[in-house]
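Trainee: Sequence and predicted structure below; questions after.
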Amino acid sequence: MSSRTRLDWLVFDRIWTNLQNYVEYEYGQIDGYLSRAVETAMREAIDEHRYSPVEEKVRTLVDAVDAKKTGEDSSSFDPTEYCGKTRATVYVDKSLLARFKEYADNSQYSYGVKLSQTLLYHLEGGRPGSLAGQLDRAIEEIEREQDDSMTTAEKIADRLDEEFRLNDFLEAAEASGVGTDKYALEQYLPKVLDELDVYPHPVKTELFVPADSATIPETPDPGTLPYQAMDDADKRLALKAAALRKVGETSWGTMAKFSANDAVDALGGRPRHSTVRPLLEDIALDSDGFVYDDDIPGLRVDRADAVRADYDNEAALAIVGWLDEDPSDAEPADDTDEWITEAADATAESFDEGGEDLAQLPDHVVDNVVTNRIAYARYSDEVDEVEGPSDDVLERITDRERELVKDELGCSEDTSRSFDAELSSFAASSIDAGQSWEEAGIGIGQQEAGADD
């Protein structure tokens, strides 16, 4: 004897049609599956009490987060909204049908209307759908409460991918309630970069990538950071690296001036001179190879001294690729020492012609003449025959070069004398090759007066 029986009830036409469409969509055909869908809906209806333990836990959660209950099971069903009925003729399990009739007898509806309600509830997700709806609402409330506890920087970071562009950051900041781009960059970009541990791509500087990405050098250049994301330490390191690069860009590659204008440019043109000067002074104070000169105003950078002091300049040297450089390689290149003898002979000749005792002259006078003679002897290709050596040529000459010449003259001291660039420009560049101080119209008194000025 068959355990299945024919169901022959009148149900609302629209609900029955929707069920047929659902079955065909889910299974590809109606035959053999329509009756299964009806049985599933019936079982769900009469077994609702089996969801009670889960439903109680969901309700407890919903109440705990003060979320509105959603997904009521029958309140949305109103028979008056439907017109037109059709006969549902499918075969179902006899025992199941009997239990469903008992269930329907306890309702206010006829068997056909109660089945229509049951099928509609099933199509809308049934009891699992109701519980899922309540859980979704509870989760949404929890996330909202979590969002309220997040900092603005965390909210912005949460909206960004692992890699993002500056415009993505600005859009995320706006979506997180930050009013202006300027405020977002100044107040939140540094925090977001720290939160996500990202760094600008070394070439595509508007693209931020994970700091452990293969594209990021072991010692990244903070000069690629947006200015607003730099702290003072970042700015000092960026300026130090930029100053070393300028040395490398000179034709001689050993020394260079790095002015406040250069510093402003190195930081994207954003800061004022009054901002960069203290940074440059700090660099000179803390790092060998960098001397602050008010007359520039800015730094005098000596490559050899900077390389030699790798304990002070390790990060900057690594950025420009000089960390493993031999300091002797950073000294001015020269195949012979002929220039030393030539400069010493020219210096001695200048003082001999003036009848002056070199040993009795002030240090700054000797230094100025020696500097002038080195310019002619060592850098003759860069000395104008009419104007004489330029300030750039004179400033390039190091204390070490002067000491080499004075050693040759026999007047060097163990302690290097500092070089006054302003006096050099005033006096040394005024002496043409072969002239004595007297021939140049500069007596000892004038020299000393110039030094005092």
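Mentor: Sure, I can see it.
Trainee: chain center to stretch 260-267: distance?
Mentor: 20 Å (CA atoms, centre = their mean, to the nearest Å).
Trainee: care to break the chain down by domain?
Mentor: In the assignment given by automatic domain parsing, the structural domains of the chain cover 4-146, 152-210, 222-330, 338-452.
Trainee: where does the stretch 251-400 of the chain dip in pLDDT?
Mentor: Scanning the stretch 251-400 of the chain for pLDDT under 70 picks out 251-253, 327-337, 354, 358.
Trainee: let's go with 90 and repeat that
Mentor: Residue ranges of the stretch 251-400 of the chain with pLDDT under 90: 251-257, 268-272, 287, 295-296, 302-312, 321-400.
Trainee: Now do the helices in it.
Mentor: All helices of the stretch 251-400 of the chain, identified by DSSP state H, counting those that start in this stretch, fall at 260-266, 273-286, 303-308, 310-320, 338-353, 363-378, 391-396, 399-409.
Trainee: Also the stretch 1-150 of the chain?
Mentor: Assignment of helices within the stretch 1-150 of the chain using DSSP H, counting those that start in this stretch yields the ranges 13-27, 34-46, 52-64, 94-105, 111-123, 126-149.
Trainee: Would you reformat those as JSON lines and include distance to residue 228, mean neighbour count and mean pLDDT?
Mentor: Backbone N, C-alpha and C define where each C-beta goes, glycine included. Listed next are those as JSON lines, based on distance: least, CB to CB, whole Å; neighbours: other CB atoms under 10 Å; pLDDT from 0 to 100:
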{"stretch": "helix 13-27", "distance to residue 228": "54", "mean neighbour count": "15", "mean pLDDT": "92"}
{"stretch": "helix 34-46", "distance to residue 228": "59", "mean neighbour count": "19", "mean pLDDT": "89"}
{"stretch": "helix 52-64", "distance to residue 228": "42", "mean neighbour count": "13", "mean pLDDT": "75"}
{"stretch": "helix 94-105", "distance to residue 228": "68", "mean neighbour count": "15", "mean pLDDT": "92"}
{"stretch": "helix 111-123", "distance to residue 228": "55", "mean neighbour count": "22", "mean pLDDT": "90"}
{"stretch": "helix 126-149", "distance to residue 228": "25", "mean neighbour count": "15", "mean pLDDT": "73"}
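Trainee: Quick check: which of those helices is nearest to residue 267?
Mentor: Among the helices of the stretch 1-150 of the chain, helix 126-149 comes nearest to residue 267, with 35.8 Å by CB to CB.
Trainee: Just want the most central residue of the protein.
Mentor: residue 199 (3.6 Å; CA atoms, centre = their mean).
Trainee: What residues does that residue make contact with?
Mentor: Under the criterion of CB atoms under 8 Å, 6 or more residues apart in numbering, the neighbours of residue 199 are 193, 208, 209, 210, 211, 213, 216, 220, 224, 225.
Trainee: Which helix or strand contains it?
Mentor: strand 198-200 (DSSP states H and E).
Trainee: Residue 189 now?
Mentor: Assigned by DSSP H and E, residue 189 belongs to helix 189-196.
Trainee: buried sites along that helix?
Mentor: Within helix 189-196, the residues that qualify as buried are 189, 190, 191, 192, 193, 195, 196, counting by 16 or more other CB atoms under 10 Å.
Trainee: Tell me how far residue 374 lies from residue 241.
Mentor: Between residue 374 and residue 241 the distance is 30 Å, computed by CB to CB, to the nearest Å.
Trainee: Who has more neighbours out of the two?
Mentor: When residue 374 is set against residue 241 and neighbours are counted by other CB atoms under 10 Å, the residue ahead is residue 374, at 28 against 23.
Trainee: Between the two ends of stretch 394-404, what distance do you get?
Mentor: Looking at stretch 394-404, the gap from its leading to its trailing residue is 16 Å under the measure CA to CA, to the nearest Å.
Trainee: Residue 37 against residue 22, yeah?
Mentor: Yes: the pair residue 37 and residue 22 passes the contact test of CB atoms under 8 Å, sitting 7.2 Å apart.
Trainee: Pull up the overlap in contacts between those two.
Mentor: Shared contacts of residue 37 and residue 22 (CB under 8 Å, 6+ apart): none.
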